[in-house]
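Enquirer: Please work out how this folds:
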Amino acid sequence: MKLYALLNIILCFSGTLVAQTINDASTIELGSKNLTLDQPFLISVVLRDAETRPAVIFPEINGLEKRSKSATSAISTVDGKKVVIQTITQEYFATKPGNYLIPEFTITVSSLKLKSDETMVVFSQSAGTEGTVSARLSPTFDADLEDTGDGIFLSVQTDKKAIYIREGFALRISLYIAENAPVQMEFYRFNEQLQSILKKLRPTNCWEENVGIEEIVKRKVNIKGRRYTEYNMYQARLFPITTEDIVFPSIALQMLVIDNSKAVNVERRVIKSFRSNKVTISVRQLPDHPLRDQVAVGQYNLRESLSAKLVYPGESVRYMFKVEGVGNIAAIPAPTIQTSSTFDIYSPERSQIIKRSYQSVIGEQTFDYFVVPRKDGEFPLGRYFQWVYFNLGKARYDTLRSSKMLTVKGEDYKLANLSLSGSSGLYDNLESLDSSKDSIDYKKILKDTTNGIVILLLIAMVWVFRK
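Expert: Numbers count the residues shown, from 1 in each chain. Model prediction:
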């Protein structure tokens, strides 16, 4: 009976701890289950309150091909607390229409096991895509990508050869093996080699945004009419922070090659090196401008909102200035604020969402301001909130400027409309607020209750042993 009671206590104790960690911190989310061949099936791991992004290896699914991986981080402030949500997403593509069974699978995240139930995904032929599946599986490659060996070559690829300072470009390291290459090989001490390669390749004058590759991802490609298997080992987007040219030197990858040419049915493993070509990227300075060394570079647009369009002097209004687009989102500077005796503008609360992939870095930076007008009048906020950047699409400087208008009416308006408007200033009615009443923190109550249960279970376990 002691053993039985002890096991029950341990099970309850374990279940309580698991409920506090896995259910609240990490989940698996599946994308749409009715897709066309040009759309990916998505599996995402969502991590809450995770400052760092852990390694995540997604399952192999029969009939589907792994493609790009992306990582999205969202940072915001809620009730004065920093909230971080990391989302890591893997794309799966089908080569032909049909029903694909996604079996039950488990993903391990930082020693936690996340489980997903079995489901069915349907891929259909979309209009106009018939006969184009093979083309989709053969993306356009850099013109410099060329087989310099006997069907096997190592490549360091970039998607651009000339860029502006702070403009992003893609870096990709892959080994290509032709389907009809007369050789068999295996990777040799890969992790050790990869770290050495990255140490040699990573430029010191670049900001790096990468998704992270915890496994070698392979796919079928077509290069100049010949079928290859690409083994992608690393990919990232880099943003140069100086005008020095970026040079990626030639690197070598050692592979274990199976050689059976000496005798029949006798295999001999030899180490063979494969080298990449040197790659150089030219970095250009931006045109002359007073803010040339400070502005962001990319393609952006503005979204804004104003909590009220009509206020009285001393009444606070909330103004949101959101910059969204493609570029180095993490390094976006705050808008330029024109100082004025007309407004008190307080430092903004910042939040951001960044989605990182090999193709691009996209996202948004949000700046939330509290604005308190000092006098009445009509004020176009474009005079006070501006954001200058270098527009890559137009190859020139551009400005995001507020289009909102704030109307401020004087004290007579306040007295006449106070009973109807229901709005108040930032400090109005402060003396009437009851600070002795605590707000209810349900999350804290749940946590304290759970901790209490754990303590009771420990006491019960001690009591069972003593008895």
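Enquirer: give me every residue that touches the residue nearest to Ile216 when sequence neighbours are not counted.
Expert: Spatially, and ignoring its direct neighbours in sequence, Ile216 is nearest to Tyr231 (5.2 Å; CB to CB, 6 or more residues apart in numbering). C-beta: built from backbone N, CA, C; applies to glycine. By CB atoms under 8 Å, 6 or more residues apart in numbering, Tyr231 lies in contact with 174-177, 216-218.
Enquirer: And those, which is closest to Leu201?
Expert: Ser174 (13.1 Å; CB to CB).
Enquirer: Could you give the secondary structure assignment for that closest one?
Expert: strand (DSSP: H, G, I helix; E, B strand; the rest coil).
Enquirer: Tell me the bridge partners for it.
Expert: Beta bridges link Ser174 to Ser155, Asn232, judged by DSSP bridges.
Enquirer: Next: Lys82.
Expert: Applying DSSP bridges, one finds that Lys82 bridges with Thr77.
Enquirer: thinking it is in contact with Asp49, fair?
Expert: No - counting by CB atoms under 8 Å, Lys82 stays clear of Asp49, with 9.2 Å between them.
Enquirer: can you map out the strands along the stretch 301-450 of the chain?
Expert: 310-311, 317-327, 336-337, 343-345, 349-356, 361-373, 377-380, 385-391, 396-401, 405-408 (DSSP state E, counting those that start in this stretch).
Enquirer: Tell me which of the ones you listed sits nearest to Ile75.
Expert: Of all the strands of the stretch 301-450 of the chain, strand 349-356 sits nearest to Ile75, with 5.3 Å by CB to CB.
Enquirer: buried residues in the closest one?
Expert: 351-356 (16 or more other CB atoms under 10 Å).
Enquirer: could I get those residues as CSV with pLDDT and distance to Ala181?
Expert: Shown next, in CSV, are the buried residues of strand 349-356 (pLDDT from 0 to 100; distance: CB to CB, whole Å):
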residue, pLDDT, distance to Ala181
Ser351, 93, 50
Gln352, 93, 46
Ile353, 93, 43
Ile354, 93, 40
Lys355, 92, 36
Arg356, 89, 33
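Enquirer: what's the closest of those residues to Pro182?
Expert: Closest to Pro182 out of the buried residues of strand 349-356 is Arg356 (39.1 Å), distances taken as CB to CB.
Enquirer: ok, the most centrally placed residue in the chain - contacts?
Expert: The centroid of the chain falls nearest to Thr72 when counting by CA atoms, centre = their mean (2.2 Å). By CB under 8 Å, 6+ apart, the residues touching Thr72 are 86-89, 353-356, 363.
Enquirer: again, 10 Å this time
Expert: 44, 46, 53, 85-89, 211, 353-357, 362-363 (CB atoms under 10 Å, 6 or more residues apart in numbering).
Enquirer: what do you get for Ser403?
Expert: 302, 304, 380-382.
Enquirer: And those residues, which of them are buried?
Expert: When the contacts of Ser403 are checked for burial by 16+ other CB under 10 Å, the buried set is 302, 304, 381.
Enquirer: Turn these into a markdown table, columns for distance to Glu65.
Expert: Shown next, in a markdown table, are those (distance: CB to CB, whole Å):
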| residue | distance to Glu65 |
| --- | --- |
| Leu302 | 38 |
| Glu304 | 42 |
| Leu381 | 49 |
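Enquirer: What are the phi and psi values at the closest residue to Lys355 other than its chain neighbours?
Expert: Nearest non-adjacent residue to Lys355, counting by CB to CB, 6+ apart: Thr72, 4.3 Å away. Per-residue torsions, Thr72: phi -120, psi 130 (degrees, to the nearest 10).
Enquirer: can you count the residues close to Gln254?
Expert: 14 (other CB atoms under 10 Å).
Enquirer: In the beta-sheet assignment, what are the partners of it?
Expert: Counting by DSSP bridges, Gln254 is bridged to Ser273.
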